[in-house]
Structures are given as structure tokens and as C-alpha cells.
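> Pasted the sequence and its predicted model underneath.
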Amino acid sequence: MNVLTQTEDTLKQEIAASIIKANLTSEEELPEIILEKPKDKSHGDFAANIAMQLARIAKKAPRQIAAEIVENLDQTKASIEKVEIAGPGFINFFMKTDFLGEVVPAILNARENYGKTDAGQQEKVQVEFVSVNPTGDLHLGHARGAAFGDVLCNILDASGYQVEREYYINDAGNQIDNLALSVEARYLQALGNNAEMPEDGYHGQDIMEIGKTLAAEFGDKWVNTDREERLAFFKEYGLNYELGKIEKDLADFGVQFDNWFSERSLYKENKITNALKTLDEKGFIFEKDGATWFKTTEFDDDKDRVLIKQDGSYTYLTPDIAYHKNKLERGFDKIINVWGADHHGYIPRMRAAIQALGYSAEQFDVKIIQMVNLFEGGEKVRMSKRTGKAVALRELMEEVGIDAVRYFFVARSNDSQLDFDMDLARSESNENPVYYVQYAHARICTMLKQAEEKGFSVNKDFDAGLLTAEKEVDLLKKLGEFPQTVTEAAQKHTPHKVTQYVFDLASLLHSFYNAEKVIDPENKEQTFARIALMKAVRITLANALRLIGVTAPEKM
RNA sequence: GUCCCAGUAGCUCAGCUGGAUAGAGCAACAGCCUUCUAAGCUGUGGGUCGCAGGUUCGAAUCCUGCCUGGGACGCCA
């Protein structure tokens, strides 16, 4: 429980009590008390618009209502320093600031746990993300999804949810057969044979590598073997190679999964026929034109969807339905999918499946990650998976660095397209926000080190009551907000709020640094208090950066 | 034609369940290093919130229509 929410809750209760006492409305009709944090400091620490909301119910002028609320308010109990009625009927509350003194000790005590809450009440959430077909390199768009998904999991975890990260491996179906054919062509080419790439082949550099490796390792061994056997081998070989690469790239990017779920296992364990049976029993299946259809229009989809094609094979949707059925059977309260923007049209049919299987649509959520446009030298870099000219995650990490890539990807809302400026991300200058934040952390580390060297013990008791300078109060308030910010980001699935927070906190730190001197041998008590404050800021910066997967350097 | 996302300062973007004079970074301009890292700070200028209606005490935010950009509309995955 943090001190800020506590004061806020108490204030809400007191306002409600006051309204009842003033006889403005009944308890039943009382609207929810909403307190906002005004942008303008002159509007206090909290502002309530309840008087305007009550205007109609109480049939009185808002300012009159506000006056009556203030009159009946127990200001001492609510820790109010000063109340003002402003504008059309806002009540502005200026809170007693002594509670701020509790912020720093609370952080120093919680350390790496500061920011964690139990808001999620151990709800079981599964997040499936990346899930790229194992047929090529991870590129820019996947990287954004990876960063988003990973950070979302981090903040859910910090907010008291039980999170599981999962990657769905599409190791069955057409694309894998195509992979085998592509590998075959590259292998034969590597041996100098004439071989053409299949129509829908994968033209990436990586497939050529596989071909060369196979040629080097096996020579012409596979040229004269039975084609079926050859393709079967190449399929497994290619799959393992690609998956290994994907896993390595992601791990280097700081993303690790709890579970790698194989599409094939759905076939092996009859999960697909099972799911089909369930849908059939519930009456959502019908036959038409020699194919088997799923009546998704029963659930707001544009048209019904084919599950089993005329040739007897499944569409992509069919195993996917079985997969999602399996997810829910594993007991998750909620399953979240992170998909690229090009898959958004797929949502209604998947949601239909969830409902048709007897689950609630509420349990299923899809986060759409909008496209990433890459800019270099002021020009847009075109990408295409077919030509293999995609900018790979690997390349990006090497050129730009993991910290910058991750920071940039979670700096913006997932449903805005993102312009990724290579030059900016690469630059080690003040234009680059990553360095700005990391610099704040490094700065504090230097101060704490110097304090120690000058004989100021960092762990000494201090008087938090001495932290009253304007910049100090700003920092204390911001520090106190952190747990709420994380919780909000978790509940609304908005990781970029944490990125924004860490930037704001860094900004306040820099501002404080330039305005006040921390280490002052002439003023020991103040120095101890400020060292403690710096330590609290350092912990909070580090915790926030850890959530977004960016390092917090001690020196720059 | 239908659906999804976006349209806010020169550029890139925030803006929470509707609230007070619409914010940040970069860019521009003017200042600040004998003092804990100037990868920093302080200040200034800059906006018909795509357009038009509607809902209401109040709309960048909600509703409707339109315009622009991107994406999706397969018995592909």
C-alpha cells in the first residue's frame, strides 16, 4: 500500500461523507467521486468535479454545492492543508505534505520491490507474442511486438498478476513445407546444381546459409536420396535452425518465454479433431461446396469461415482454434495475443471461436501492434520479406544497441504507427531520450559514490522533514506515483506509460540537480536527507528501467 | 464497398473513466560550466486538436457523416 493512494482514498471517503451530511443527495444516487491530478500546480494536489456532477441531482448551482461540501468536510481527517473552490465549481485540494516524508523510507525499504503491487490479485494471464513462422529472420515489426509483449508481461507481473509468456510455433502446415522446398533448392544450388526456388519460397539470406551448411556437411548425400525422405530431413533441419536463431535473437534482445507451444502437438494429441467435435456438437459447423465451415457470423463476423478445405486439409484457423481452446483449458483467466496490424481482420473469427467454445469474449484480448517504418538518412527504408532485404532484429541490435531499440519500441502507444529513426537511435547525444534517462541514473550513482568518499554514510538515518525545497517536493510526489503508474499501465495494457514515467522522473532529477547541491559539508543533516532522496530516485529509476528492459548504467 | 488504426506545434508523439489557459522531446532563438558528469539546466517563440454537425453546464476526448494516410477483407499463413 503506498501513501499516495491512501491519502487519495481517505479524501474520497471524506468527500462522500460530507455530501451525505450536507444532504445533497442520497447514498444510492451518489456518483463515484473522481479525483484528478491537475496539471497546473495552482489547482492543488487533487481536484474534484463532483459539485458539477451533482448540479442536476441536487438542483443547485455547482459553486453553491461545492461550498456546502467544503463546509461539511472534516479537513483534519482528510489531511487537507487548504481547499479552494474555483472555476465553474471545481474543488481544489491542497494536501498536507508531511505524508511525503514517508515516501523515501518506503522506497529505501522496498528497494527492487518498489512499484510492485497486488492489484492483479494473482489473476492468471497468458500473453502469447512474437510467434513468428520459423521461416526467416525476425525483423523490425516482430521486434516491436517482442518488446511490447515482454514489457507488458513485466508490468503485469509487477502488478500482481500471474503471467505466462508463450510462443506459438507454427511447425505444421504449408509454410513449413515451403521451408523444406526452399532449403532443398538452396542446398542443390550450393552444390552447383540447377534448382529453382518454389513459387512461395523463402528468399532470405538465412535459407541460403542453411543450404550451404547442408552442402558442406553432407556433400551430395541428399541429392540422390528419395525426395520424400530428403524433404522430411530438410524440414526438420530448417525448422531447428530457424527456431534456434529466433530463440537466440530474442534471448539477446532480453525476451524469454516460459513456454514454446508446438502446433504439431495439437495434431499429435488429437486436439484439432476434438475442437472440431466441440464446435459441431454446439451446432456451429456446416458443410458447403465440399468444405466444412464454421458459423462465425453467429458472433459478429462478416462471413462464415472454412475450417476444412475441399482437399481435406485444415485452414490456418482450425488448429488455431484448438490452440486457443487448449490455452483456456489450461486455466488462464485471461489470454492476451499480441499481433501485427496485418492480422487485425483475424480478430472477429478468433473471438467467435472463443465464444462458440463456451468461453467469454472478455477472457480473450488482442493487442494490435502497428507497423514500424524505418528511416535512415532521412529516407524511408523499404522492407520486404520476399526479397530478404528486411532489416533484421539482429542487425538492429548490433547497430543501435538493445537499450535504444527497446526504449524506442515501448515509448509509444501500440496502436500508433512508429517511425524508427536509425540515426537518432544510434546517436549518443542529447537528442536521444534513452541516454537522458540513463544519464540521470548514472549521475546519482556518481553523487552517492562521492558522498561516501567525503565521509557521508549513505545508510545513515535522516530527517525526511528537511526535504521541502520545490524540486524536492516535486521529486517526492513523482516517486510516490510510481506504483500507481505501473498498475495503471498493467491494467490498461499501456507499457508506454512506464516509459513516459521514467522520462519524467529523470527530467525532475536533472532539474533538481541543477538547482540544489546534494553534498554540502556545511549542512550535514540536509546532506543526509538529500542522499536518501537520491537513493530513492536511483532505485525507482532502476526499477522502471528494469520493467522496460533497459539497463541502468552506474557510469556513462 | 465493409472493417481496423491513425490524423494534436516545423518534425516525432503524450493527453487517463468528458473538465479549468491543450503537453513533452527534437528542431529554432536567448542565457547557464572556478561548484556533486553541460549526454545537463533555465527561459522565449510556435496550435482553426483533419472537416462538419450532434450529445451537455463543459468535447482533443463520446455519437453520426465526410476527407486524408496506413492496414485488412482467401478453401494463404
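It's in. Residues are numbered from 1 along each chain as shown, chains lettered A, B, ... in the order given.

> Give me the sheet partners of the worst-scoring helix or strand of chain A on mean pLDDT and which way each runs.
In chain A, no helix or strand scores lower on mean pLDDT, DSSP states H and E than strand A:379-381, which sits at a mean of 80. Looking at strand A:379-381 with DSSP bridges, its partner strands are strand A:372-376 (antiparallel).

> Can you list the neighbours in contact with the strand it pairs with?
Applying Cβ atoms under 8 Å, 6 or more residues apart in numbering, the contact partners of strand A:372-376 are A:140-141, A:143-144, A:380-381, A:383, A:391, A:409, A:417-423. Placement of C-beta: from N, CA and C, glycine included.

> same deal with stretch A:527-534?
Under the criterion Cβ under 8 Å, 6+ apart, residues A:104-105, A:108, A:444, A:447-448, A:451, A:456, A:458, A:460-464, A:466-467, A:472, A:475-476, A:516, A:518-521 lie in contact with stretch A:527-534.

> Mind checking if that stretch is in reach of RNA strand B?
No - using Cβ under 7 Å from any atom of the strand, stretch A:527-534 stays clear of RNA strand B, coming no nearer than 8.2 Å.

> Pull the distance from that stretch to the chain's centre.
Remark: stretch A:527-534 is offset 33 Å from the chain centroid, using Cα atoms, centre = their mean, to the nearest Å.

> hey, C-alpha coordinates of it in CSV?
The C-alpha coordinates for stretch A:527-534 follow below in CSV (Å, rounded to 0.1, in the frame of the first residue of the first chain):
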residue,chain,number,x,y,z
THR,A,527,23.0,16.3,3.0
PHE,A,528,21.9,13.1,4.7
ALA,A,529,18.3,13.8,3.7
ARG,A,530,19.2,14.5,0.1
ILE,A,531,21.4,11.4,-0.2
ALA,A,532,18.5,9.4,0.9
LEU,A,533,16.3,11.1,-1.6
MET,A,534,18.8,10.4,-4.3
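
> buried set for it?
A:527-534 (16 or more other Cβ atoms under 10 Å).

> Is whichever residue of the stretch 201-350 of chain A sits closest to RNA strand B part of a helix or strand, or is it coil?
Nearest residue of the stretch 201-350 of chain A to RNA strand B: A:Gly345, at 2.4 Å (Cβ to the nearest atom of the strand). Three-state assignment for A:Gly345 (DSSP: H, G, I helix; E, B strand; the rest coil): helix.

> shaky segments in chain A?
A:1-4, A:382-390, A:430 (pLDDT under 70).

> residue at max distance from the center of it?
A:Asn224 (50.4 Å; Cα atoms, centre = their mean).

> And that residue, its phi and psi?
Per-residue torsions, A:Asn224: phi -100, psi 0 (degrees, to the nearest 10).

> Please apply the same query to A:Gly87.
The phi/psi pair for A:Gly87 (degrees, to the nearest 10) reads phi 50, psi -140.

> quick one, what contacts it?
Per Cβ under 8 Å, 6+ apart, neighbours of A:Gly87: none.

> I'd like the distance between it and A:Ile20.
25 Å (Cβ to Cβ, to the nearest Å).

> Next: A:Val458.
Taken as Cβ to Cβ, the span from A:Val458 to A:Ile20 is 49 Å.

> Give me the contacts around stretch A:104-122.
Stretch A:104-122 is contacted by residues A:2-3, A:156, A:158-162, A:462, A:464, A:467, A:476, A:479, A:482-483, A:486-487, A:490-491, A:532-533, A:535-536, A:539-540, A:542-544, A:546-547 when judged by Cβ under 8 Å, 6+ apart.

> again, 6 Å this time
With contact meaning Cβ atoms under 6 Å, 6 or more residues apart in numbering, stretch A:104-122 is reached by A:158-162, A:464, A:482-483, A:486-487, A:532-533, A:536, A:539, A:543.

> what does stretch A:225-237 give?
A:180, A:183-184, A:222.

> same thing but 10 Å
Here stretch A:225-237 makes contact (Cβ atoms under 10 Å, 6 or more residues apart in numbering) with A:171, A:176-187, A:210-211, A:213-214, A:217-218, A:221-224, A:238.

> Mind checking which of the residues you listed land in helices?
Cross-referencing the contacts of stretch A:225-237 against helices under DSSP state H gives A:176-187, A:210-211, A:213-214, A:217-218, A:238.

> ok, of these, which come out buried?
Neighbour counting with 16+ other Cβ under 10 Å marks A:176, A:178-187, A:210-211, A:213-214, A:238 as buried within those.

> give the contact list for the residue nearest the centre of chain A.
Centroid-nearest residue in chain A, with Cα atoms, centre = their mean: A:Leu152, separated by 2.6 Å. A:Leu152 is in contact with A:125, A:127, A:129, A:163, A:165, A:336, A:338, A:367, A:410, A:414, A:489-490, A:493-495, counting by Cβ under 10 Å, 6+ apart.

> and the gap between it and A:His142?
Distance of A:Leu152 to A:His142, given as Cβ to Cβ: 15 Å.

> could you pull out the helices for the stretch 351-500 of chain A?
A:393-400, A:402-409, A:422-426, A:433-453, A:470-491, A:496-515 (DSSP state H, counting those that start in this stretch).
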